[in-house]
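Undergrad: sharing a model that was predicted from the sequence below.
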Amino acid sequence: MLAAREIVKMKLIGSMGLIGLLVVGVAAGAYADEASVKQRELKQDSDLINDAKNTAKECGIDIPIKFDWTNAPQDLIMTNSPESFCDNMLYSVRRICGDADGKAAVKEKIKTISCGFGPERSMSLKDGTLDYKINFDSSNDADYAYEFLQNNL
């Protein structure tokens, strides 16, 4: 018969193996989630390129537009559409470009556009960069952006 020490040793080794398998399983799940998030970001980037084309057409200029994925709430980007939040802001840029004065102001003052993520929705225009921070709890984003642009262009 096996001594009590040997039985305890075998149980300990078995437990360590189970813990190792759990760690590998969790890491694989995290990698799969990370891959899903990256795939989602790429899809949102692609959709934003189409929105940028519409904005360029309406405003008569090609304004570089990009997502800043820093601080992106990964769980929320999987269940929300960051692109649609950003496009609500771009809709307001296109709306400003609806007349000659607005189009001239956009051409003069906006050189690049960035959509990112923040604890609160916000917009800023500094040194030619229009920066929009998305908050998935916000509403009326197009109206918010339009008012900002009217006051800052």
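TA: Cool, got the structure.
Undergrad: pLDDT-wise, which helix or strand of this protein ranks last?
TA: The helix or strand with the lowest mean pLDDT-type score in the chain, counting by mean pLDDT, DSSP states H and E, is helix 4-59 (a mean of 67).
Undergrad: ok, residue 153 touching residue 109?
TA: Yes. Distance between residue 153 and residue 109: 5.5 Å, which falls inside the contact criterion (CB atoms under 8 Å). Placement of C-beta: from N, CA and C, glycine included.
Undergrad: in which helix or strand would I find residue 132?
TA: Taking DSSP states H and E as the definition, one finds residue 132 inside strand 129-134.
Undergrad: buried stuff in that strand?
TA: Neighbour counts using 16 or more other CB atoms under 10 Å place 130-134 of strand 129-134 among the buried residues.
Undergrad: cool, stretch 60-74 as well?
TA: Of the residues in stretch 60-74, those buried by neighbour count under the rule 16+ other CB under 10 Å are 63, 65, 67, 69, 72.
Undergrad: before we move on, back to that, what's the spacing between the next helix or strand after the strand holding residue 132 and its chain's center?
TA: Once the chain leaves strand 129-134, the next helix or strand it forms, by DSSP H and E, is helix 141-152. On the basis of CA atoms, centre = their mean, to the nearest Å, the separation between the geometric centre of helix 141-152 and that of its chain is 20 Å.
Undergrad: show me what helix 141-152 is packed against.
TA: When contacts are defined as 3 or more CB pairs under 8 Å, 6 or more residues apart in numbering; DSSP states H and E, helix 141-152 packs onto helix 82-96, strand 122-126.
Undergrad: just send these back as TSV, with distance to residue 103, mean neighbour count and mean pLDDT too.
TA: Output for the helices and strands packed on helix 141-152, formatted as TSV (distance: least, CB to CB, whole Å; neighbours: other CB atoms under 10 Å; pLDDT from 0 to 100):
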stretch	distance to residue 103	mean neighbour count	mean pLDDT
helix 82-96	8	22	94
strand 122-126	16	14	97
